[in-house]
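Undergrad: return atomic coordinates for the entry below.
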Amino acid sequence: MARKRRPFEVFSMSFLDCMSCGFGAVILFFMIINAQVKESTEEDPTELMAETKRLEVEILDGRKNLVLAKNTIETLDEEKQTAEGKIAEIIALIKELREELAEYDDETLAKIERIEKLQSDIKSLEEEVKRLLALKAEEENQGARIREFRGEGDRQYLTGLNLGGDRTLILVDRSASMLDDTIVNIIRRRNMSDADKLRAVKWRQVVASVDWLTSQFKPGSKFQIYMFNNEVQPVVKGSDGVWLEADDGTKLDEAIRVLRRTTPENGTNLRAAYEVAARLTPRPDNIILLVDGLPTMMESTTNRRMVTGRDRMSMHGRSIRELPSGIPVNILLFPMEGDYDAAIAYWTLAYGTGGSFMAVSRDWP
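TA: This is a model prediction of the structure:
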């Protein structure tokens, strides 16, 4: 007997079970996702805000540093421009100093040439004087001389110096430079004993020159002798501002003895010496200056360690303003190494006052 077929149903129990399970799974999946989203949303944002603020602070610091860097770059650019300007000024100054030094060197060479020419002219004039003039016989002058001076052999002392006048003032430089003709030997002798200083050839020559000058004073005249370095003082003690009688040979001899016992030292203050000539009463009518160079100071003390040739010329110009006008100044220059301007300056002074100038040789008088 044939089996009775069951009717076919689209929605069977198994199919509904599968559909239910699938929908349940979907619902469960959405519930799980919703719970995780809610949990993530409900987390505390403090840490995230702190991190955000930290990043903002770092950004602000970075901007500040950037501004500071820009300002520093601008400052450095300004300093660079300033430095470049100063460098340009220094280069210009160096160029100017080089030009001035070159000009000074040319001027120095010109002065040396003038000095050599002047010395040549002086020598020529001396030869001409020797040719045209002659001294009177020693016997004729012997009776008129106040004191005697003995030179070497029968040497004739023809100088052209104006030794006349009723009141003769002799100014003797006794600064340290009178120890020698060269700078090195001056420094060396300056540190020696007083006995060695007194034996210096140059200083002995100066004293001998004063000795010769005093032997030429005419009878009845008056004299005064001052020595000067940084200060000035009379050679004969107690005679400051007083004229001495040339007829009194003891005063002349005393003056020479004092000079022989006096040691050269310190600097040269010519203004003090010229001030003596201005304050003597009555005024001298003849001044004889024994010197070896231009002055090195204007006061009795100075803090300057170095004096240039230009400074010494300036001091010379200011010092001669103290000289009384109308009095001839006769100059005996004992040349010193390196002082090239001295000969011209003193020759000009002697010429301007109507006096005479002589550059003393090593073997005079």
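Undergrad: what sits against the closest residue to residue 211 other than its chain neighbours?
TA: What sits nearest to residue 211 in space, not counting adjacent residues and going by CB to CB, 6 or more residues apart in numbering, is residue 256, at 5.2 Å. For the C-beta atoms, the positions are set from N, CA and C on the backbone; glycine is no exception. When contacts are counted by CB atoms under 8 Å, 6 or more residues apart in numbering, residue 256 touches 207, 210-211, 214.
Undergrad: among those residues, which ones are in helices?
TA: 207, 210-211, 214 (DSSP state H).
Undergrad: what's the closest of those to residue 115?
TA: Checking the ones in helices among the contacts of residue 256 against residue 115 with CB to CB, the nearest one is residue 210 at 25.8 Å.
Undergrad: state the number of residues packed around that closest one.
TA: When neighbours are defined as other CB atoms under 10 Å, residue 210 has 23 of them.
Undergrad: what about it, distance to residue 31?
TA: From residue 210 over to residue 31 the distance is 137 Å, taken as CB to CB, to the nearest Å.
Undergrad: ranges for the strands of the stretch 151-300 of the chain?
TA: 167-173, 222-228, 232-234, 244-245, 286-291 (DSSP state E, counting those that start in this stretch).
Undergrad: could I get those as CSV with distance to residue 359 and mean pLDDT?
TA: Shown next, in CSV, are the strands of the stretch 151-300 of the chain (distance: least, CB to CB, whole Å; pLDDT from 0 to 100):
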stretch, distance to residue 359, mean pLDDT
strand 167-173, 15, 93
strand 222-228, 20, 94
strand 232-234, 24, 94
strand 244-245, 29, 90
strand 286-291, 11, 94
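Undergrad: those: which one's closest to residue 362?
TA: When the strands of the stretch 151-300 of the chain are compared by CB to CB, strand 286-291 sits nearest residue 362, at 15.2 Å.
Undergrad: would you mind getting the angle between the closest one and strand 222-228?
TA: Interaxial angle of strand 286-291 relative to strand 222-228 (axes from the mean of the first three to the mean of the last three CA atoms, to 10 degrees): 30 degrees.
Undergrad: now for the residue nearest to residue 220 when sequence neighbours are not counted, how many residues are close by?
TA: Computed as CB to CB, 6+ apart, the closest residue to residue 220 that is not its neighbour in sequence is residue 247, at 6.7 Å. By the criterion of other CB under 10 Å, residue 247 has 14 neighbours.
Undergrad: cool, and residue 244?
TA: Neighbour number of residue 244 under other CB under 10 Å is 18.
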